[in-house]
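Asks: no letters, just coordinates:
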């Protein structure tokens, strides 16, 4: 591979290497402690030497050697830690992020500044490219962590944090919010899909297309309800007059595999349950219960499922 970034270790590899160094040294020290504990228990045990052994008050030489060893180990790991930190936090002075992630209670907003794509809980990146992320929060403190793609980074309202993310292979990479952010913290999951650059660009261009409209009566009824029930006060849909971006962007919602921060599979049954009583599905969410009738739910499901 000719990518310059691939000529170096990735951030994940750098952190993993540092951890392995700590683990090896800690393992050696642990093994020595265990060895000498049993060695002296056996050698100077009461059964072997019932008489009182000679008492040694101390040894300046041994103490000096141990102090030098401890100081050297500490100094080496201070150097390795600072060196690793400098490499993984190599952020340019005027960062231009490829992807902006905003944490909400309890979902993820993803914005691609260059193309203008905005989506929710559906995060795609190209493989073989070092991705600069801008991370922030819309409310409480969250923390972004996809272990296979990069390190952990806190997301704080009013503060822009940056980190690198990299995927070498295509596939889905799972992560989670790793800072307690409320009652649904455990269900604030992350799913990042890595595509080859060509497929990623195709996905991105598809996201920019307006939603497919329909002349079906139930679809049109659902669209009208979407406006009447004030769903438009929170949700944007590209290609329509609905522009508010408070709640998740619903453009092409029907093409997403999962929703509610990767909590539920995107199917009619789960969508129906969500619209019937959001708090019963994910308690504490800001989506209100509109107390919809069965016919209204049928129409809204038809409309939202038609956003392809």
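Replies: Here it is on my side, so go on. Keep in mind the model is a prediction, meaning the values are calculated, not measured.
Asks: walk me through the domains of the chain.
Replies: 4-46+59-88, 99-204, 217-304 (automatic domain parsing).
Asks: reformat those as JSON lines; add distance to residue 210 and mean pLDDT.
Replies: C-beta here means a position set from N, CA and C on the backbone, and glycine is covered the same way. Output for the domains of the chain, formatted as JSON lines (distance: least, CB to CB, whole Å; pLDDT from 0 to 100):
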{"stretch": "domain 4-46+59-88", "distance to residue 210": "35", "mean pLDDT": "85"}
{"stretch": "domain 99-204", "distance to residue 210": "13", "mean pLDDT": "93"}
{"stretch": "domain 217-304", "distance to residue 210": "2", "mean pLDDT": "89"}
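Asks: out of these, nearest to residue 211?
Replies: Closest to residue 211 of these, according to CB to CB: domain 217-304, at 5.2 Å.
Asks: is it possible to get JSON lines of the domains of the chain that adds mean neighbour count?
Replies: What follows is those, written out as JSON lines (neighbours: other CB atoms under 10 Å):
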{"stretch": "domain 4-46+59-88", "mean neighbour count": "12"}
{"stretch": "domain 99-204", "mean neighbour count": "18"}
{"stretch": "domain 217-304", "mean neighbour count": "17"}
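Asks: can I get these in a markdown table with distance to residue 211?
Replies: Output for the domains of the chain, formatted as a markdown table (distance: least, CB to CB, whole Å):
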| stretch | distance to residue 211 |
| --- | --- |
| domain 4-46+59-88 | 36 |
| domain 99-204 | 13 |
| domain 217-304 | 5 |
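Asks: now do the contacts for the residue lying closest to residue 274 once chain neighbours are set aside.
Replies: Leaving aside its sequence neighbours, residue 274 sits nearest to residue 281 (CB to CB, 6 or more residues apart in numbering; 5.2 Å). Residues near residue 281 by CB atoms under 8 Å, 6 or more residues apart in numbering: 260, 264, 270, 273, 274.
Asks: ranges for the helices of the stretch 101-250 of the chain?
Replies: Using DSSP state H, counting those that start in this stretch, the helices of the stretch 101-250 of the chain run over residues 197-208, 217-228.
Asks: between these, which gets nearest to residue 174?
Replies: Residue 174 lies closest, by CB to CB, to one member of those: helix 197-208, at 18.7 Å.
Asks: I'd assumed residue 92 was in a strand, is it?
Replies: No. Residue 92: not assigned to a strand; according to DSSP: H, G, I helix; E, B strand; the rest coil it is coil.
Asks: what about it, neighbour count?
Replies: Residue 92 is flanked by 8 other residues according to other CB atoms under 10 Å.
Asks: quick revisit: can you tell me which of the contacts of residue 281 are in strands?
Replies: Counted as lying in strands by DSSP state E, out of those, are residue 264.
Asks: closest to residue 242 out of the contacts of residue 281?
Replies: residue 274 (18.5 Å).
Asks: quick one: the closest one from residue 103, how far?
Replies: From residue 274 over to residue 103 the distance is 20 Å, taken as CB to CB, to the nearest Å.
Asks: related to what we said a few turns ago, next, format the helices of the stretch 101-250 of the chain as TSV and append distance to residue 292.
Replies: Output for those, formatted as TSV (distance: least, CB to CB, whole Å):
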stretch	distance to residue 292
helix 197-208	29
helix 217-228	8
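Asks: go through the ones you listed and name the closest to residue 129.
Replies: The nearest among the helices of the stretch 101-250 of the chain, by CB to CB, is helix 197-208 at 7.1 Å.
Asks: which helices and strands sit right next to the closest one?
Replies: Where contact means 3 or more CB pairs under 8 Å, 6 or more residues apart in numbering; DSSP states H and E, helix 197-208 is packed against strand 117-120, strand 123-126.
Asks: mind running it again at 10 Å?
Replies: If you count contacts as 3 or more CB pairs under 10 Å, 6 or more residues apart in numbering; DSSP states H and E, helix 197-208 packs onto strand 107-112, strand 117-120, strand 123-126, strand 189-195.
Asks: any idea which of those gets closest to residue 64?
Replies: Among the helices and strands packed on helix 197-208, the nearest to residue 64 by CB to CB is strand 189-195 (50.7 Å).
Asks: between the closest one and strand 107-112, how many degrees?
Replies: 30 degrees (axes from the mean of the first three to the mean of the last three CA atoms, to 10 degrees).
Asks: that's all I had, so thanks and see you.
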